[in-house]
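S.K.: Build me a structure from this.
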Amino acid sequence: MGNTSGSSVAELQACESHQWYRKFMTECPSGLLTFYEFKQFFGLKNLSITSDSYVRTMFTTFDMNDDGFIDFMEYVAALSLVLRGGVQQKLRWYFKLYDIDGSGCIDRDELLLIIKSIRAINGINYEISAEDFANMVFDRIDINGDGELSYEEFMEGIQKDEILLKMLTESLDLSHIVQKIQGELRGNK
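M.R.: Have a look, this model is predicted:
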């Protein structure tokens, strides 16, 4: 069969894949996760309109074939990214997540909207306001000063700036959601 040690499935096996599969199939017996089930699955309830919009954008980025559902393989790929993805993989996903309108660039309003939504979902107070963080990102990496971050500007700029990389990675850390699910899985043994 060949070496699959780098594949999503192999990585997920290290994370109790049979339990993940059981939870996935328990939550969505059809094998297709809808947006509503996605929110239920991750315990995201009573979200503001902004946060709900962010979660929808996240759902869309995980729905790789754009069919309106997340199947088990898309779910595996998403978990693999969250749990084991490298910096470049995560940055590519972050860019797609921030580019709400799919224009191929991130503008200040898109970045600010996502930052505010993430903070609302995480429920964490940060030392720097969402507005100041968005301004810092643009001040540091919008090389041509056009008010938009191209994919190249984003990837290069974030990777070259350790402070922004750390802040971005911490703000999009979904491990607390994964830990919650793992706790539920252990409780259901």
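
S.K.: Pull up the per-residue confidence for the residue most central in space within the chain.
M.R.: Against the mean C-alpha coordinate of the chain, by C-alpha atoms, centre = their mean, the closest residue is Met58 at 5.8 Å. pLDDT recorded at Met58 is 80.

S.K.: That one touches Leu97, doesn't it?
M.R.: Yes. Met58 is within contact range of Leu97, at 6.3 Å (criterion: C-beta atoms under 8 Å). Where C-beta positions appear, they are placed from N, C-alpha and C, glycine not excepted.

S.K.: so what's Phe138 up against?
M.R.: Phe138 makes contacts with Arg108, Leu111, Gly147, Leu149, as judged by C-beta atoms under 8 Å, 6 or more residues apart in numbering.

S.K.: Which of those residues has the largest number of neighbours?
M.R.: Leu149 (26 neighbours; other C-beta atoms under 10 Å).

S.K.: Quickly run through the sheet partners of the helix or strand where that one lies, with directions.
M.R.: Per DSSP states H and E, Leu149 falls inside strand 148-150. Taking DSSP bridges as the criterion, strand 148-150 forms sheet pairs with strand 105-107 (antiparallel).

S.K.: tell me which strands and helices the next helix or strand after the partner strand is in contact with?
M.R.: Later in the chain than strand 105-107, the nearest helix or strand by DSSP H and E is helix 108-122. Applying 3 or more C-beta pairs under 8 Å, 6 or more residues apart in numbering; DSSP states H and E, we find helix 108-122 packed against helix 49-62, helix 87-98, helix 130-141, helix 162-171.

S.K.: mind checking how far Val87 is from Phe62?
M.R.: Noted for Val87: a distance of 19 Å to Phe62, by C-beta to C-beta, to the nearest Å.

S.K.: How about Gly157?
M.R.: Taking C-beta to C-beta as the measure, Gly157 falls 25 Å from Phe62.

S.K.: what does Ser51 give?
M.R.: Counting by C-beta to C-beta - Ser51 and Phe62 are separated by 17 Å.

S.K.: and what of Asp52?
M.R.: 16 Å.

S.K.: Also Asp142?
M.R.: In this view, Asp142 and Phe62 are 28 Å apart by C-beta to C-beta.

S.K.: ok, now Ala77?
M.R.: The gap separating Ala77 from Phe62 is 8 Å, by C-beta to C-beta.

S.K.: Mind giving me the packing neighbours of the strand or helix carrying Leu81?
M.R.: Assessed by DSSP H and E, Leu81 sits inside helix 72-84. Counting by 3+ C-beta pairs under 8 Å, 6+ apart, the packing neighbours recorded for helix 72-84 are helix 8-13, helix 17-27, helix 49-62, helix 87-98, helix 175-187.
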